[in-house]
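Enquirer: only geometry, no sequence info:
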């Protein structure tokens, strides 16, 4: 054979051989920070998200996906445990003086632990924000700029392409975008300046990113906010941050395709909860709990599916473990479940103070069989459990929601609603707050937002914007009692300690 022909053929055979022997059923779990379904694949005409939209077109878009709490640490503890935060012990933020942490026996169910036990090499990059680390321990911690998902993707390349370890890989990919931060937009002519949402000042660019600069006139005003210049300027910054995330998704897909692994890797894209605006983050309104949720399962033949199934963040860990082949479906627990008491005893640590309740199974359930089915069903109704965000923000709320009605129980309703420090300072909020209690804020007034009724009942089918509290109408008294009973039943099933508030307050 001609040498000039033989060498390319040899290289081609090597490439094909390495692809054929690449591990199957890899997983990339991509979670953003404070992002609502403001994506093209969800019908948002302002969003510039071609990469996520392409993944969605080749996978399944869940239209009814919900966080269980719109608080960063608490939500991530749910994502990584399959348990509500009142059940795993992490009621609020993990960092600094907030000091919340999950129970030590959550090690039996924790996502990185059970995925590793199912035969995966694991890595985490970007935002982590849960505790204790020994409970949620990954084998590898990769370094990347959480405000630059392109940089993060490139930092994952060596791990993805590691030929020395023949195990399938799992990557927990957590951006810091589009969380608030990075200062104010001092180019604004308004008195109240917009937060930069991680964008560079003066329309600067993050390295390797083609920043999408938005005209405030072009953004979409969600119904829970008021159309003001301040709102528009902040949303322009938010959309820019979201567009940067999309480029990171695109780069990850490129790396997978170059490695011949795109069709061997499950991709899940979601957020910890909704956008960081009053009415969204830290609330249990739709804008706080409804999240983007896109799944591309390369082994599923049905693509481009839009699913109405109700799914919850408590479903993530059992679903990923199911895909990995490590879920015992009869017990809804890991096949290779760690004995927490033995684990900590072997480490010479005593669990008496930090054991928590006995854990034998997940509270969520796998949605793997629902992927690819436009008419698939999952939950009849979902439950949400919020208690804290920052330590000073005690305001427990419980929610039951199906496709018809949604009931919110504001357990601490006599208190004014507490604000996260960054949401209180937000120009989009302050512009309305300064106008007084009667000023409009979305479908409410400022005063109605701060002072909540004990119960809020919404016909979510007819009133998805949650504008009319039916709990105040005698016409819906029977429906209210029915959903109170459903909520209480969920609290009992999910072993929620706040169930005692029905009797004690």
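Expert: Here it is on my side, so go on. Predicted model, so just to flag it, every value in this text is computed and none were measured. Residues are numbered from 1 along each chain as shown.
Enquirer: CA atoms for contacts and neighbours, from now on please.
Expert: Fine.
Enquirer: where do the strands sit along the stretch 351-500 of the chain?
Expert: Along the stretch 351-500 of the chain, the segments classed as strands by DSSP state E, counting those that start in this stretch run 382-386, 397-401, 405-410, 440-441, 444-445, 455-459.
Enquirer: which other helices and strands does the fourth one contact?
Expert: Judged by 3 or more CA pairs under 8 Å, 6 or more residues apart in numbering; DSSP states H and E, strand 440-441 has no packing partners among the helices and strands.
Enquirer: please, where are all the helices along the stretch 201-350 of the chain?
Expert: Along the stretch 201-350 of the chain, counting by DSSP state H, counting those that start in this stretch, helices occupy 229-258, 286-289, 316-323, 340-346.
Enquirer: residue 276 is nearest to which of the strands of the stretch 351-500 of the chain?
Expert: Closest approach to residue 276 among the strands of the stretch 351-500 of the chain is made by strand 440-441 (15.0 Å; CA to CA).
Enquirer: quick one: average confidence on that closest one?
Expert: For strand 440-441, mean pLDDT is 97.
Enquirer: check stretch 201-215 too.
Expert: pLDDT averaged over stretch 201-215 gives 97.
Enquirer: before we move on, back to that, okay, the helices of the stretch 201-350 of the chain in JSON lines with mean pLDDT next?
Expert: Shown next, in JSON lines, are those (pLDDT from 0 to 100):
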{"stretch": "helix 229-258", "mean pLDDT": "98"}
{"stretch": "helix 286-289", "mean pLDDT": "98"}
{"stretch": "helix 316-323", "mean pLDDT": "98"}
{"stretch": "helix 340-346", "mean pLDDT": "89"}
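Enquirer: for the stretch 1-150 of the chain, which segments count as strands?
Expert: Using DSSP E, counting those that start in this stretch, strands in the stretch 1-150 of the chain cover 26-32, 60-66, 121-126, 140-142.
Enquirer: nearest to residue 64, out of the helices of the stretch 201-350 of the chain?
Expert: helix 286-289 (10.0 Å).
Enquirer: contacts for the closest one?
Expert: Contact partners of helix 286-289, identified using CA atoms under 8 Å, 6 or more residues apart in numbering, comprise 36, 66-70, 224, 273-275, 279-283, 464-466.
Enquirer: what residues sit buried inside it?
Expert: Residues of helix 286-289 classed as buried: 286, 287, 288, 289 (neighbour count, 16 or more other CA atoms under 10 Å).
Enquirer: and that helix, how far out from the chain middle?
Expert: 11 Å (CA atoms, centre = their mean, to the nearest Å).
Enquirer: repeat for stretch 168-175
Expert: 14 Å.
Enquirer: kindly report the same for stretch 478-486.
Expert: Here stretch 478-486 is found 29 Å from its chain centre; the criterion is CA atoms, centre = their mean.
Enquirer: what residues sit buried inside it?
Expert: Within stretch 478-486, the residues that count as buried by 16+ other CA under 10 Å are 479, 480, 483, 484, 486.
Enquirer: out of these, which comes closest to residue 122?
Expert: The closest of the buried residues of stretch 478-486 to residue 122 turns out to be residue 486 (CA to CA; 38.8 Å).
Enquirer: quick one, grab the pLDDT at that closest one.
Expert: According to the prediction, residue 486 has pLDDT 98.
Enquirer: please apply the same query to residue 92.
Expert: With respect to pLDDT, residue 92 scores 87.
Enquirer: who's in contact with it?
Expert: Residue 92 makes contacts with 71, 72, 73, 74, 98, 100, 387, 388, 389, 390, 391, as judged by CA under 8 Å, 6+ apart.
Enquirer: looking at the residues you listed, state which has the most neighbours.
Expert: residue 74 (32 neighbours; other CA atoms under 10 Å).
Enquirer: ok, so what distance separates it from residue 387?
Expert: Applying CA to CA, to the nearest Å, the value for residue 74 to residue 387 is 9 Å.
Enquirer: what number of residues are in the vicinity of residue 406?
Expert: Using other CA under 10 Å, residue 406 is surrounded by 24 other residues.
Enquirer: with adjacent residues omitted, what lies nearest to it?
Expert: Leaving out its chain neighbours, the residue that sits closest to residue 406 by CA to CA, 6 or more residues apart in numbering is residue 458, at 5.2 Å.
Enquirer: surely residue 423 touches residue 277?
Expert: Yes. Counting by CA atoms under 8 Å, residue 423 does reach residue 277; the two are 6.1 Å apart.
Enquirer: anything in contact with each of those two?
Expert: Common neighbours of residue 423 and residue 277 (CA under 8 Å, 6+ apart) are residue 429.
Enquirer: show me which of the two is the more surrounded one.
Expert: Between residue 423 and residue 277, counted using other CA under 10 Å, residue 277 has the larger neighbour count: 26 against 19.
Enquirer: rewinding a little: residue 409 is nearest to which of the helices of the stretch 201-350 of the chain?
Expert: Residue 409 lies closest to helix 286-289 among those, at 14.4 Å (CA to CA).
Enquirer: quickly name whichever of the contacts of residue 92 is closest to residue 31.
Expert: Nearest to residue 31 among the contacts of residue 92, with distances taken as CA to CA, is residue 72, at 11.1 Å.
Enquirer: the closest one touches residue 274, doesn't it?
Expert: No. Counting by CA under 8 Å, residue 72 does not reach residue 274; the two are 10.1 Å apart.
Enquirer: identify the contacts common to these two.
Expert: Common neighbours of residue 72 and residue 274 (CA under 8 Å, 6+ apart) are residue 34.
Enquirer: how far away is residue 189 from residue 234?
Expert: For residue 189, the distance to residue 234 - CA to CA - is 13 Å.
Enquirer: who has more neighbours out of these two?
Expert: residue 234 (24 against 8).
Enquirer: wait, isn't the more buried one in contact with residue 199?
Expert: No. If you go by CA under 8 Å, residue 234 and residue 199 don't touch, sitting 11.4 Å apart.
Enquirer: which residues do residue 74 and residue 387 both contact?
Expert: Between them, residue 74 and residue 387 share the contacting residues 91, 92, judged by CA under 8 Å, 6+ apart.
Enquirer: quick one, what contacts residue 102?
Expert: Residues in contact with residue 102 (CA under 8 Å, 6+ apart) are 77, 88, 89, 90, 130, 131, 132.
Enquirer: need those residues in JSON lines (columns: distance to residue 348 and neighbour count).
Expert: Output for the contacts of residue 102, formatted as JSON lines (distance: CA to CA, whole Å; neighbours: other CA atoms under 10 Å):
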{"residue": "77", "distance to residue 348": "25", "neighbour count": "33"}
{"residue": "88", "distance to residue 348": "22", "neighbour count": "24"}
{"residue": "89", "distance to residue 348": "22", "neighbour count": "22"}
{"residue": "90", "distance to residue 348": "23", "neighbour count": "26"}
{"residue": "130", "distance to residue 348": "23", "neighbour count": "24"}
{"residue": "131", "distance to residue 348": "19", "neighbour count": "21"}
{"residue": "132", "distance to residue 348": "16", "neighbour count": "17"}
